[in-house]
Structure formats: structure tokens, C-alpha cells
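# Sharing a model that was predicted from the sequence below.
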Amino acid sequence: MCGISGIHGLEGLSEPSVIVNKMNDALKHRGPDAGAVHIQGNVAFGHRRLSIIDLSDAGNQPFFSQDGRYMMVFNGELYNYLELKEELKDTNFKTDCDTEVVLAAYQTWGRACLQRFNGFFAFAIWDQEKSKLLLARDRMGIKPLYYAEVGPRLIFASEIRSILKSGLVEKKLSEAGLVDYLRYQTVHQPNTLVDGIKTLPSGHFLEILDNEQTLAPYWEANKQYNHLAANQSLDEVKSTIRTTLEDSVKLRMRADVPFGAFLSGGIDSSIIVGLMAKQSSLPVKTFTVSFDESEFSEAAFAKTIADKFGTDHTEIRLKAANFLEMLPNALNAIDHPSGDGPNTWIVSKVTKEAGITMALSGLGGDELFAGYPVFKQYSTMMERKWIMSFPPNIRRMGSGLLKAVKPGVSADKIGEILDQDYLDLEHAYPVSRLIFLDDKIAKILNTKQLPENTIRKLMRESVAFGSPGFEMPFLSKISFGELFGYMQHTLLRDTDQMSMAHALEVRVPFLDHRLVEYVLGVNDRMKYPHSPKKLLVDSFEDLLPPEVVNRPKMGFTLPWSLWMKNELKEFCETKLEELGSRDQFNTRELFMLWEQFLNDDKRVSWSRIWPLVVLEDWMQKNEIN
């Protein structure tokens, strides 16, 4: 786990090593163990290292092939590096690190090596002989990689802040990115909030040879999911899920540093800890963070699992006031704004302080196994398509009546769906995680024209339609939206930037591409016969006590609304005032929202105001115009 940076196209660039050193210094928190910059030919690479596998200096980067032809910077972990080493027997390896295996694989198989990798990664390889640059990112987009093209140059890094430190990119807000952020409190690939800075899409590579540039996918979940799974028996499906996840956990326990697991006491994290305990000869270190003032504490459920598997369990109890004190530091850690990052920041902080450098997480279980209410809601909605047979004016009347009788966010979203011309997944699903509806965004930004909804485009181009006989199951289509919309751009982005703020690596076994490909092919009847994650529970019933299976779904219940009306009130008002002073924003509309929130209007929760506050704070810190 590290931070990478670099520039391709050094002709006419004054002091490229100084520029890349500035970029590299901005990533020091990601890799405190070592750092270096090197220029070769037409590229300059920078690297900051967090040592996880092979802690010796031999694994420092930039990393060179033994003949000096190739130079590489690598962020991530290649979990199956030992198996690939066996296939690369002709290579005389000089280190025990996975970085050398990545480079040897590229030397042997070229770009085809990407198909063989099991891991999370973002890397750059320079071929000095051919003057060829290759950038690549892992299938699920767990590790970030941003880039910008400025004239003849391409600048890349693990974080946006690093690219901005180059001084080569204008610090200008992206209009399309801003609308996306107001819709979903995040920005979806390939865009970011900075005009000209893009995200390398997950499962893609970018190759530059001479003046030709190739950006293409090497893996696409909607095309490479398992078509045979739908016709297998329940026993076959459960067995495959079990063996695949077991192997995923086993691979992700490879490390040369102290590691553990986040344990909430929920189904997903409990399964991960149970599988870790079966693989380990020593007690697994587990961590639960709980708050004294929390209305619902997960600590008791976490202890049940810890006792069952004999883990070395640490419950870290905090007062909500402790969190409030740490909030400024959490905001400083944000590389790309999100409305929900500080929770991950504090969990990562206390875990790192307990002596852990790598932790496994249950992230991905809900998205893959239909754990969220949205799966049932949209299944029910699709069964009621007859609603759309009513004339549009009748549907709008019904929508207005619902909003009047039961005002709130849910009523607004149902009304938005009823106002659509079609009731299908392409049009209905994008409404599920909206923060602001388009009519409100148009008022906030003083405009009538908004770009196309990115999630609608994702669903239409990826899963809304399928080939006869090969169409993805309905619940899997929702999973696709959750995995590559919400999770990838909110949960995974938060996990990366907030854990790496403390130089903590977080691994996610549920997102092993083999498991994702398989479960996306499983039919709806098995996946959700009557309750969320039933298939996952049945596949690991020996690991899960009944009280964990039947517990209510929880999470942090921090008093955000209370804070924003008291301790954080002045801070929020100041940021909203400053945001409103910018040319793009309607000051009056912003303060109408603030007043509605202060007056407990159910249509304006804290989660709609806080992303606006975070946005202005981030823009100020990064001097975005």
C-alpha cells in the first residue's frame, strides 16, 4: 500500500524532479516508510511506501527490472503473487515482494498479465526501450488513480491533491462534477470535482506509445459474470460461494506486518472474522469502535462473535465529544469530498494506534448479496408496473397527494419516479441514492440545464438491457448499480482516503473478482427468497449465531443533526455563506435549505446539508476556483 505519482512528457518542462518531489511529498501520509523520485527517458515517477510484504529496502520504489529496461511504481497488493511466482520460474527474483512479481508478469505476458492478477492496485510501468507508458487500475476500483492531460503531458497520482501540487493543472471546479456531487454526494468515474482531472476507470488500462493513446477495459463485470451460476442447484451455489470466499480471505491474510479485522458484529464482518479464525494458528485481532451515547450499540454482538472465535478483541469506547474534537483533522484528510468520510477516519485512527497496519473489512457483502432495502423496494416496484398505465397527470396528482400527506425524502423520491415516462430500472434505480432532486439542484445553481444523470447512463449502458438468454438477473442489476455506483465512488473512496490518512491498509474479501463474477450470475430466487442476504447466511450458517443473523441492521448513530444545530452551527453557517458567495450558487436557496433543516423539516435532513459544508471546506483548502 503506497502512493504513486508521475509525469509523462518531460520535453520543455523545467525541473521535473522538483515538481514530482512536491507531488510525492503530498502523498507522504500514504507511505511513511520510504519515498523516492526517479527520471528515466520521458517520464518522472514518484513513490511513497507503506511496507506490507517484504519489509526490506529491496522493495522500495520506483522499482526497476534487472536489465534496467522497465521502471514501475505500484500501489496496492497482489494477493496471488506466490502462485504467479510459480508460473514465472524462469525469472530470477531478487526480492520477496509482490511488486517484483507484477513487473515480471508484465515482462512475460504484456498487458495480458492484468487478467491473471488477483488484488487491488494502481500502477504505472515505463518501457524505456519502446518509450511506452502503461497505467492500470484494479477491477473493482478499490485503489484510486487520477490523471490529467495538459498539452503534451500526462500527470498522474493516487490523489487529486498530489496532481494539484504539480502546479501544472488549473484549480477549477468541474461543472459536470458539481452537479453529480449535488445529486449523489460524490462524483462518478471518469469525472472528478476538478476540471481536467479524471479518474482512470476501474478495470481499465491507459497506454501511451509515441503519440497514440489507448484507454480500454480489461475486465467488465456486466460481460464477465458467471452465466452458469443461474442453473446450478442451491447446494452447488452455496458450496461455490463458501470455497471462493474462504480462498479470498486466505489470500488477503498474506502480510509481513500485524493485521486484524474490523468487527461490527453484523453478518458480513462476522463471516470474515470466522474465516480468518479458521485460517490462523493465532487469535485474530479484532476491533470494534462504539460510542457511549449511541442509541444502538453493536458492542454486544461483536463480543459474541469475538468469544465464539476466540479473537484478541479490542472494544474502543469513545464519547461522541471525542469524535467532534477530531472532526477538523478528519476534514483535512479528505482528498475528494464525500458526505460520510469522518466515520471511517476515526475507526482507522484508533485501529492504527492499536498497532495494526492492515485490517480486513466486511465491505461489499450488502451490495453483492442484496442486503439493502433498495433490493426489495425495486423488486416490489417492478411488480407494480401497472401504475404507469395511468395518464401522467393522474400520476402527478398522486405524487402531489403523497408529498402533502407524508412529506419527507421518501415521498419526494417516489414522486420523482412516478413523474418518469417509464417505470424500469434505468429510470427508477438512479433515484434511490439521490441527495437532491434535479429541480432543487437547478435552483441551487441558478440553471435550467443539467447534464445527464451518471447513474442512469451507467445502468443504461451496462445492465438495463441484455442479450436474450444472457441477461443479468434483476437483483444482480441492482447489485451492479450498488457496486459500481454507490460503493465504488463513496464507500471505497472514503475507505481509501480515510484509512490511508493513517497509513492503514484495508482489504475487502467480498470484492474478490471471482466472487463478484459468480454471485452476479446467481438467480434472484436463491439470492433473496424472503429476507436480505439469505443466500450468504445459508452458505455460512455454522459461523453465525442466531442473535447475529436476526439482529437489526445498525451502524454509527452519531448525533450529527444535534451537532449541526449546536456545536457545529457557526461552522456550517459560515461555510454555507462562503459557498453561496461563489458565482455558481444561489445564496437564497442555500439558506432556505439551512432554515428548513434548523426547523426540523423532514425533507431536509443533516445528510443533505453536510455535503455542502464539506464541499466548501474542501474547495477552500485546495484553492479551487
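Nice, I can see it.
# Now for Pro258: which residues touch it?
Lys285, Gly355, Ile356, Thr357, Met358 (C-beta atoms under 8 Å, 6 or more residues apart in numbering). Every residue, glycine included, has its C-beta placed from N, CA and C.
# Most neighbours out of those, which is it?
Using other C-beta atoms under 10 Å as the neighbour test, the contacts of Pro258 are led by Met358, with 25 neighbours.
# and that residue, how far is that from Val506?
Separation of Met358 from Val506 (C-beta to C-beta, to the nearest Å): 8 Å.
# Would you agree Thr186 falls within a helix?
No - looking at Thr186 with DSSP: H, G, I helix; E, B strand; the rest coil, it is coil, so not inside a helix.
# how many other residues sit next to it?
Neighbour number of Thr186 under other C-beta under 10 Å is 26.
# which residues sit in contact with it?
Asp180, His336, Pro337, Ser338, His489, Thr490, Arg493.
# ok, now which ones touch Arg525?
Per C-beta under 8 Å, 6+ apart, neighbours of Arg525: none.
# Any idea how far whatever helix or strand it lives in is from the middle of the chain?
Taking DSSP states H and E as the criterion, Arg525 maps to helix 524-527. In terms of C-alpha atoms, centre = their mean, to the nearest Å, the centre of helix 524-527 is set 26 Å apart from its chain centre.
# Check which helices and strands whichever helix or strand comes after it sits against.
Using DSSP H and E, the next helix or strand after helix 524-527 towards the C-terminus is helix 534-539. Under the contact criterion of 3 or more C-beta pairs under 8 Å, 6 or more residues apart in numbering; DSSP states H and E, helix 534-539 touches helix 234-252, helix 267-279, helix 524-527.
# Just give me the lowest mean pLDDT stretch among those.
Lowest mean pLDDT within those: helix 524-527, a mean of 91.
# what's around Ser233, how many residues?
9.
# what's the answer for Val169, then?
Around Val169 there are 19 other residues, counting by other C-beta under 10 Å.
# I figured it was touching Ser162, is that so?
No - using C-beta atoms under 8 Å, Val169 makes no contact with Ser162, being 10.6 Å away.
# any weak-confidence spans in the stretch 1-150 of the chain?
Along the stretch 1-150 of the chain, segments meeting pLDDT under 70 span 1, 54.
# now do 90
1-2, 12, 31-35, 49-61, 90 (pLDDT under 90).
# ok, now the stretch 451-600 of the chain?
462-471, 527-532, 545-563.
# Which of the contacts of Thr186 fall within strands?
Nothing among the contacts of Thr186 maps onto strands, per DSSP state E.
# Which of the residues you listed fall in helices?
Asp180, Arg493 (DSSP state H).
# can you put the contacts of Thr186 in a markdown table and add neighbour count?
As requested, the contacts of Thr186 are exported to a markdown table (neighbours: other C-beta atoms under 10 Å):
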| residue | neighbour count |
| --- | --- |
| Asp180 | 23 |
| His336 | 26 |
| Pro337 | 25 |
| Ser338 | 25 |
| His489 | 24 |
| Thr490 | 19 |
| Arg493 | 24 |
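# Only the buried residues of stretch 302-309, if you could.
Ala302, Lys303, Thr304, Ile305, Ala306, Lys308, Phe309 (16 or more other C-beta atoms under 10 Å).
# Buried residues, stretch 228-237. List them.
Ala229, Ala230, Gln232, Val237.
# what about the closest residue to the third one other than its chain neighbours, how many neighbours?
Read that as Gln232. The spatially closest residue to Gln232, leaving aside those adjacent along the chain, is Thr240, at 7.5 Å (C-beta to C-beta, 6 or more residues apart in numbering). Thr240 is flanked by 19 other residues according to other C-beta under 10 Å.
# now Gln279
Around Gln279 there are 12 residues (other C-beta under 10 Å).
# ok now do it, which residues does it touch?
Applying C-beta under 8 Å, 6+ apart, the residues contacting Gln279 are Val249, Lys250, Met253.
# Check the contacts of Thr186 against Thr447 and report the nearest one.
Asp180 (14.2 Å; C-beta to C-beta).
# Quick check: the gap between the residue nearest in space to the middle of the chain and Gln189.
The C-alpha lying nearest the average C-alpha coordinate of the chain belongs to Leu492 (C-alpha atoms, centre = their mean; 1.8 Å). Between Leu492 and Gln189 the computed distance is 11 Å (C-beta to C-beta).
# Where does pLDDT dip in the stretch 201-350 of the chain?
Those would be 210-211, 227, 255-258, 264-265, 281-282, 288-301, 315-326, 338-347, 350, if you go by pLDDT under 90 across the stretch 201-350 of the chain.
# now the helices: where do they sit in it?
221-224, 234-252, 267-279, 299-309, 320-332, 342-353 (DSSP state H, counting those that start in this stretch).
# burial measure for Glu353, as a count.
11.
# what do you get for Ala442?
Ala442 has 18 nearby residues by other C-beta under 10 Å.
# try Ala320
Applying other C-beta under 10 Å, I find that Ala320 has 18 neighbouring residues.
# Wait, it touches Asp292, no?
Yes - if you go by C-beta under 8 Å, Ala320 and Asp292 touch, sitting 7.4 Å apart.
# gap between Lys443 and Val374?
27 Å.
# ok now do Gly580, which residues does it touch?
Asn586, Thr587, Leu590, Phe591.
# just the strands in the stretch 101-250 of the chain please.
Using DSSP state E, counting those that start in this stretch, the strands found in the stretch 101-250 of the chain span residues 119-127, 132-137, 146-150, 153-157, 197-199, 204-209, 212-217.
# Run through the neighbouring helices and strands of the last one.
When contacts are defined as 3+ C-beta pairs under 8 Å, 6+ apart, strand 212-217 sits against strand 204-209.
# Give me the residues contacting the strand it packs on.
With C-beta under 8 Å, 6+ apart, strand 204-209 has contacts from 8, 111, 114, 130-137, 147, 154, 200, 213-218.
# what's the answer for stretch 82-101, then?
By C-beta under 8 Å, 6+ apart, stretch 82-101 touches 53-54, 56, 58-59, 61, 63, 66, 72, 74, 77-78, 81, 104-105, 107-108, 116-117, 119, 254.
# buried stuff in it?
Buried residues in stretch 82-101 (16+ other C-beta under 10 Å): Leu84, Lys85, Leu88, Thr91, Thr95, Asp96, Cys97, Asp98, Thr99, Glu100, Val101.
# sorry, back to before: now, the most widely separated pair of the buried residues of stretch 228-237?
Applying C-beta to C-beta across these, the maximum distance is between Ala230 and Val237, 9.3 Å.
# Spell out which residues are contacts of both of those two.
Joint contacts of Ala230 and Val237 (C-beta under 8 Å, 6+ apart) are Val522.
# so the residue nearest to Gln232 sits right up against Tyr518, yeah?
Yes - shown here, Thr240 and Tyr518 form a contact pair, counting by C-beta under 8 Å, at 6.0 Å.
# any shared contact partners between these two?
Joint contacts of Thr240 and Tyr518 (C-beta under 8 Å, 6+ apart) are Ala229.
# I appreciate the help and will end here.
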